[in-house]
Each structure stands twice: as structure tokens, then as C-alpha cells.
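Participant: have a look; sequence and predicted model below, questions after that.
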Amino acid sequence: MKLTRSRLKNLLFLAAIALLIIPQTRTPIQVFLNKGLALFGPSIEDTANLKHITDYNWRLKSINNEVLDFNTVQGKVVLINFWATWCPPCIAEMPSMKALYADYKDKIEFVFVSNEKPKTIKAFLTKNNYTFNVYTPLTKYPDVFNIKGIPRTFLIDAYGNIVIDKTGAANWNSDTVRHTIDSLLNAPNTL
């Protein structure tokens, strides 16, 4: 039987479908594809359309059993990332989050939020050598976040304005994000 071009295309198509059906290969392929999408940094919100956080009443518990009262971050620059260990776009953007966190962890507040069990989160962080703290919600998040999909990331200025609101994978270590954070840190804080 001669392998024609048409048959070869069909075989390759069937092989690709099979790889996406098999759980052990599906996630790595999805992560790889999302890394391609995460090459670009998120866009900055138009200043005329900025949403504002008015309710900081939110309590979270870290995987190390520390309670975070979200009121304590009011007046600071904050990056909040809603994610999960099973989410391919979340996994795809984590290396850029790690790099940003390494350079800014002492300058801004990072709040990584997952609804998973602490044991699952700890295993993922250890496996990937991530050092940031992750929180699970104790109370409902403020309505302004309106999470309908993950990853969902917000960059909030010291005045409570949401400067970046991104759903989906992005490059959080981009020049745009770094420049934005630097300008927020250098802005006069009149709170």
C-alpha cells in the first residue's frame, strides 16, 4: 500500500486527535499552545474606563495557614492572580509570574488565589520551584473582580484602580507590565 499525501495528512490528523484525547499528552500540548499565546503582555486599561475597588472586605488563608485580611493591602500596588494547578493557560503563564515575583516581591503585594486543596497547591509549587504564597478564599471576593474564567489577573494601583484586568494567559514579565508597575510605584501616594 502506497502512502499518498492525502493518507499521510489523514494519519497526522488522527495522531494529533489521539494525542489530545490521551490525558497524559493533552495537558502538555495545551500548556505548549498557551505559552505561544502568553508571549504577549497584557494591555493596560484605558484611564477613562478604570474600575475601582471600593470593597476590600475579603479574607483569605494561605497554604501555610496565615490569614490575609485584604484590607491590609489597601493603599498599595497589588497584583492578584486567580489560577489553578489543572489549568493549562495558568501553567503556561506561571514562569513569567515567577520572574516578575522574583523582582517585585518586596515592592508590591502579590496575592495568588486558588480554590484547590493546600496539599495539591504545595505539590505544584514544589515541583515547579515556585516560592510565592498562595491563598484560598475564606470569604467571597469583592464583586468588582467578577471571576468567570481563569487565569484572571488584576493589577491594582494604590488608589484602588484596576490598571490591568486580564483573563487568559499573558507574559507578566513583559516590559509593559514592568514599566506600568514602576510608574505606579513612583506615583505620588496621597492616601
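Facilitator: Yes, it's here.
Participant: can I see the domain layout of the protein?
Facilitator: 5-35, 39-186 (automatic domain parsing).
Participant: can you redo these as TSV with mean pLDDT and mean neighbour count?
Facilitator: For glycine as for every other residue, the C-beta is placed from the backbone atoms N, C-alpha and C. Output for the domains of the chain, formatted as TSV (pLDDT from 0 to 100; neighbours: other C-beta atoms under 10 Å):
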stretch	mean pLDDT	mean neighbour count
domain 5-35	63	12
domain 39-186	92	17
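Participant: how about the spatially most central residue of the chain, what does it touch?
Facilitator: Centroid check for the chain by C-alpha atoms, centre = their mean gives residue 81 as the closest residue, at 4.2 Å. By C-beta atoms under 8 Å, 6 or more residues apart in numbering, residue 81 lies in contact with 97, 110, 111, 112, 113, 151, 152, 153.
Participant: ok, those vs residue 64, which is closest?
Facilitator: Checking the contacts of residue 81 against residue 64 by C-beta to C-beta gives residue 112 as the nearest, at 12.5 Å.
Participant: please report the distance of residue 158 from residue 59.
Facilitator: 21 Å (C-beta to C-beta, to the nearest Å).
Participant: state the three-state secondary structure for the residue nearest to the centre of the chain.
Facilitator: strand (DSSP: H, G, I helix; E, B strand; the rest coil).
Participant: any idea how far it is from residue 63?
Facilitator: 14 Å.
Participant: ok, residue 96 next?
Facilitator: On the measure of C-beta to C-beta, residue 96 and residue 63 end up 21 Å apart.
Participant: isn't residue 56 right next to residue 75, touching?
Facilitator: No. Taking C-beta atoms under 8 Å as the definition, residue 56 is not a contact partner of residue 75, at 9.6 Å.
Participant: between which two of the contacts of residue 81 is the distance greatest?
Facilitator: Pairwise distances across the contacts of residue 81 peak at 14.6 Å for 110 and 152 (criterion: C-beta to C-beta).
Participant: residue boundaries of the helices in this protein?
Facilitator: Per DSSP state H, the chain carries helices over the ranges 5-21, 23-37, 88-104, 118-128, 175-186.
Participant: looking at the contacts of residue 81, spot the one nearest residue 129.
Facilitator: residue 97 (12.6 Å).
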